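Fold the following.
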Amino acid sequence: MAAALLGALAPAASARKSVPAWAKEPVRYLKDQGLIDGSTFHSNKAMRRADFRALMKAAFGGGFSRTEGKVTAAEVDRALVKVLGKRAVSDHLADLAAPDGWAPKRPAWFGDEIVAREMGLRHDRPVGEDEYEASANEKLSQADIAYAVWRALTSPSTYGADALADLKLGNYDPKVRRVIQFAFSLAGTPYVYAGEWAKSTPAGYPYGAQAHGGVDCSGFVWYVLQKKSSAYSPPNRPYKGWAIPERSSAEMAKATKDRLGFGKLEPGDAMFFAADGRKSKPRDVYHAALYLGKGWMIHSSNGRAGVSISPIDKGSWWRSQFLFGRRVIK
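This is a model prediction of the structure:
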């Protein structure tokens, strides 16, 4: 079986030596288990669907059936969410609706991408490897697939995924509905340090080109809320946005005039986090997110390798890090 896996990929000695540090343990594990052929493994090349099908069969007894073309990130995440028994959670996220019946439009891979990231199946590529990141509809590299399968076999965070089954939406006014729907549309977007554009930056983009589309935590807040201009206009965003002169999470926090305690938060508010929580200073802020209401937030997390949804209710880890919120939507 191992000889057949990945067999059609062109051998390359230099590629075998270029396994990134974060993927070495996963690749070594899969090789030792006879699940991949190290002689033909190419870290940054896409994987054929036929080879991924064989890998899934060897590792889990099945779970993927397509054989033509190259496998995408969304397909990998969907297959692993299914074999790990978390499709019910994924379906719950895909079917979310507010009590008044409003259901935000979201991409087909929404539930699978959120659950896969919460289980830790995606790795945030370090600075210098951003060009190999993959959005949900793009081909996923062999190194990223090896990491995902290794985590699924050895240490998936099923507890974190199960918590998502409790996610509920509130009732929102029209402005907040548009914001939440746009934020949800970014599921499957990778984390990119200093990233503030979900897709490849357009020609002439004034704030610096990115090697691949993606957002960091404050870049996500900026992309969702920042006021459109002739130089900055996120595609497919159905509202103009509001002025946020600052770009980093710490600068956004320092510029906040009316600091909102947790009990004062409303859906769509920006949230800021620091290591000592409410004892911290704005300059200590290291993370930003958007509040969804009912004890949940949406953010771009490097620990989750992209756009994620996390609990922020009492007793959660994120709650202990919460400093204050800022109302941007007017």
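
next one: stretch 26-45 to chain centre, how far?
25 Å (C-alpha atoms, centre = their mean, to the nearest Å).

now swap in stretch 211-229 and tell me
The chain centroid and the centroid of stretch 211-229 are separated by 13 Å, computed with C-alpha atoms, centre = their mean.

Apart from its neighbours in sequence, what residue is nearest residue 201?
In space, not counting the residues next to it along the chain, residue 201 is nearest to residue 209; the distance is 4.8 Å by C-beta to C-beta, 6 or more residues apart in numbering. For the C-beta atoms, the positions are set from N, CA and C on the backbone; glycine is no exception.

do the same with residue 299
What sits nearest to residue 299 in space, not counting adjacent residues and going by C-beta to C-beta, 6+ apart, is residue 289, at 3.5 Å.

just residue 139 next, same as before
Of all residues not flanking residue 139 in the chain, residue 46 sits nearest, at 3.8 Å (C-beta to C-beta, 6+ apart).

Okay, now the unreliable bits of the chain?
Counting by pLDDT under 70, the chain contains low-confidence ranges at 1-17.

and the residue nearest to residue 139, what are its phi and psi?
Here is the backbone geometry of residue 46 (degrees, to the nearest 10): phi -70, psi 160.

residue contacts, it?
Neighbour list for residue 46: 70, 71, 139, 140, 141, 142 [criterion: C-beta atoms under 8 Å, 6 or more residues apart in numbering].

Take those and write them to TSV, including secondary structure.
Compiled in TSV, those are given as follows (DSSP: H, G, I helix; E, B strand; the rest coil):
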residue	secondary structure
70	strand
71	coil
139	strand
140	coil
141	strand
142	helix
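
of those, closest to residue 172?
Ranked by distance to residue 172 (C-beta to C-beta), the contacts of residue 46 are led by residue 140 at 33.6 Å.

burial of the closest one, as a residue count?
Other residues within reach of residue 140, judged by other C-beta atoms under 10 Å, total 26.

hang on, the earlier thing: and the residue nearest to residue 201, how far from residue 241?
Separation of residue 209 from residue 241 (C-beta to C-beta, to the nearest Å) stands at 22 Å.
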